[in-house]
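*Asks:* Whatever this is, show me its structure:
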Amino acid sequence: MKTLRFISATLALLVLNTAQGAGPVSELKATARDGQVFLTWKEGETPEGTTFNVYLAGIPIADVAKATRVAHHIERHSARDWWEDPASFKKDVKPGEPVGFRIQNGSDRLNPTDGLFVHTVRKGASDRLFFAVTCSDAAGKENTRTIAGENSLRDGVAAETMDIQPIWQGNGAPTAPGMGKGKGLWLNLHAKGGVVGGMEYLMFGDETMGWREGLPFKFSVRIEADKVVVRPTDRVWINRPHNEAGDGGTPAIWTFWFGYNSKIVDRKLMAEGVPTNYTERRNLWILDWVRRHYQPDTNRWHCSGSSMGGCGTISFGWRHPELFAALHAHVPIVSYTYLGAKGSATRLEPSCWTGHVPPELKTSEGVSLLERMNGAKFAAEAKDDLPFLFMVHGRQDGSIPWQNNPPFYHALAKARQPFAVYWDNGTHSTCGKDAPPDVKAWQQLFHRFRRDESLPVFTHTSSDRNSGNGDPTDGDIIGWINRGMGWKDIEDTPDRYAITITADYPGLEYPVRTHMTLRRLQRFKLKPSEPLSVRIGDAAPMSIHADAQGLLTIPGVAIASRDGVRIVVQRGL
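*Replies:* From the prediction side, this is the model:
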């Protein structure tokens, strides 16, 4: 009898140990390539709300307290490619058939019921890396038990720091490197509801690109006849319904192309978090990879978008004059404030904060979030030659409060930065539909700009209309600033600069008068207060000085016909 009891107890213990061994995480494996470690594991059944944690050390991990936690709140079945599920992006949509991520070019997809985490190897890492994966229940209580060979690596993996590479998701071979050489680049930012279909590339970000490292992102690169078209996606997985977004409620959120709170994974902790420009960092990584891989002409980069995409064009594209030559923004938010019935700053509330954004709330860059996202302030303080900005706005746009727009136009003009804008009395969906053909042509015109070519800035142009003071009833209901203004035949040498400026659109009355400021000079570099000689058309030369910033503004230039007027600038008086 004692023998039978002993055998029964032994069998029970064996069954218990086997069950514990299998656990929620088993068969943990690691593969290193391209500066990253791809961890996969077999995932057992777990209750709703279970999350997973990843630990890293230079020796086998028997006690997670002696290791570094590199990820937390990893969702159940993280090997599932949530990009392929329409329910990730829209509420009340029938979920798609689960499919796993494809984590290597041409490979089969992972089992979507299993787990995946991708770690980016950091500088100074050990020659061999060891990982362990644990789980936490819905209340956050963690089971820290590790079992070598199950949820903790026995042998570790050899890995080294190197450039991360995106993973080709298409059929067949990816486009060959260098195929964009000599072509321009167009960064096309989608609106709030849009997720680009047929995204060819998948990447997993490092710890700077999201609320945790290893978050997956997709983007598209198409090589066209004259340009490389890059379409990233503004979506990030936060592993909870984003109900506070109002029109959201899904776990794959939009960020208005800026970023979000570092604690967004837990709504209760967001007051402790910091608004961080994760999305901008990710876009910079994508652009840098495209530059190195496809080799587009870095002097012909352009950015555009509509609605949320237009907002990103202003907040991201405009603050990178080292990248972009020109921008086109359709119905963009130019400044995030609480002006207007809704206030554009409300767009930052769901992802960046827990409600009304206080003026003192600082970003990870150490500046006020509201000031950082204030385009008028940025224009007033910019020290660089900003990309030429084309804009279209509607006075009755309920999503984009008109009150912000005239102050932005005024700030641009005062700062003598290059822009052109058209507005009408349209709503968010109708704005610009009846715009004249020459204004609609801006969508193609902005692709012709180059960073290695100078341009004139026009201010106080006599054909401009009155945008008013910000009240939707004040000023011209339909109007524009710098519509039809152009230039050609630039000469930019160390000692002489010449340009023909033009003005032309149907119904334009001549003469047109404008103040012209030279920007982005290439060889005709000016010193502060430098004396110069300027000839306008056939008039006698006049003496003028560059200002204290080294900018030359020529006032009262008259354009008598569509042929334009030639302006020649030389050194000395």
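
*Asks:* Leaving out chain neighbours, which residue sits closest to S344?
*Replies:* Distances taken as CB to CB, 6 or more residues apart in numbering place I333 nearest to S344, at 4.6 Å, with adjacent residues excluded. C-beta: built from backbone N, CA, C; applies to glycine.

*Asks:* and what of W237?
*Replies:* A252 (5.4 Å).

*Asks:* The residue nearest to S344 reaches I400, doesn't it?
*Replies:* Yes: between I333 and I400 there is a contact at 5.6 Å, judged by CB atoms under 8 Å.

*Asks:* Give the residues shared as contacts by those two.
*Replies:* S344 (CB atoms under 8 Å, 6 or more residues apart in numbering).

*Asks:* Sketch out the low-pLDDT regions of this structure for me.
*Replies:* 1-22 (pLDDT under 70).

*Asks:* tell me the secondary structure for the nearest residue to K377 once chain neighbours are set aside?
*Replies:* Once flanking residues are discounted, K377 sits nearest to E371: 5.8 Å by CB to CB, 6+ apart. Reduced to three states with DSSP: H, G, I helix; E, B strand; the rest coil, the structure at E371 is helix.

*Asks:* Then K377?
*Replies:* Of the three states, K377 takes helix under three-state DSSP.

*Asks:* try G172
*Replies:* coil.

*Asks:* I'd like the distance between it and E200.
*Replies:* 11 Å (CB to CB, to the nearest Å).

*Asks:* ok so, going back, which of I333 and I400 has more neighbours?
*Replies:* Using other CB atoms under 10 Å as the criterion, I333 and I400 rank with I333 on top: 28 against 24.

*Asks:* The protein: helices as residue ranges?
*Replies:* For the chain, the helices defined by DSSP state H cover 2-22, 278-294, 308-315, 349-352, 369-372, 375-381, 405-415, 437-440, 442-445.

*Asks:* most tightly surrounded among those?
*Replies:* Ranked by mean neighbour count, these are led by helix 308-315 with a mean of 27 (mean count of other CB atoms under 10 Å).

*Asks:* and that one, what other elements does it pack with?
*Replies:* For helix 308-315, the elements it packs on are strand 184-189, strand 301-306, strand 326-330, judged by 3 or more CB pairs under 8 Å, 6 or more residues apart in numbering; DSSP states H and E.

*Asks:* And the last one, how far out from the chain middle?
*Replies:* A distance of 14 Å separates the centroid of the chain from that of strand 326-330, by CA atoms, centre = their mean, to the nearest Å.

*Asks:* Neighbouring strands of it in the sheet, and parallel or not?
*Replies:* Strand 326-330 has the following strand partners under DSSP bridges: strand 301-306 (parallel), strand 388-394 (parallel).

*Asks:* ok so, going back, so the residue nearest to K377 touches E381, yeah?
*Replies:* No: using CB under 8 Å, E371 makes no contact with E381, being 9.7 Å away.

*Asks:* circling back: adding mean neighbour count as columns, could you present the strands paired with strand 326-330 in CSV?
*Replies:* Output for those, formatted as CSV (neighbours: other CB atoms under 10 Å):
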stretch, mean neighbour count
strand 301-306, 26
strand 388-394, 25
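
*Asks:* I'd like the ones you listed laid out as a markdown table, including distance to H460.
*Replies:* Converted to a markdown table, these look like this (distance: least, CB to CB, whole Å):
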| stretch | distance to H460 |
| --- | --- |
| strand 301-306 | 27 |
| strand 388-394 | 18 |
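
*Asks:* Break this protein down into its domains, please.
*Replies:* 22-163, 484-573 (automatic domain parsing).

*Asks:* bridging residues for the residue nearest to A159 when sequence neighbours are not counted?
*Replies:* Distance criterion CB to CB, 6+ apart; nearest residue to A159, sequence neighbours excluded, is A32 at 3.8 Å. Here A32 sits in beta bridges with V37, as judged by DSSP bridges.

*Asks:* so what's the nearest residue to L386 once chain neighbours are set aside up against?
*Replies:* Excluding the flanking residues, the one nearest L386 by CB to CB, 6+ apart is Q417, at 4.8 Å. Listed by CB under 8 Å, 6+ apart, the contact set of Q417 reads A379, A382, D385, L386, L389, V457, R519.

*Asks:* so who does the last one touch?
*Replies:* Listed by CB under 8 Å, 6+ apart, the contact partners of R519 are D385, R416, Q417, P418, S454, L455, P456, V457, L551.

*Asks:* What of the second one?
*Replies:* With contacts defined as CB under 8 Å, 6+ apart, the neighbours of A382 are A415, Q417.

*Asks:* Give me the number of neighbouring residues for the residue nearest to W237.
*Replies:* Residues near A252, counting by other CB under 10 Å, number 20.

*Asks:* Pretty sure it sits against K90.
*Replies:* No: counting by CB under 8 Å, A252 sits too far from K90 to count as a contact (9.6 Å).

*Asks:* just to revisit the earlier point, between G172 and E200, point out the one with more neighbours.
*Replies:* Using other CB under 10 Å as the criterion, G172 and E200 rank with E200 on top: 19 against 7.

*Asks:* can you pull the contacts of the more buried one?
*Replies:* W168, Q169, G170, P174, F219, S220, V221.
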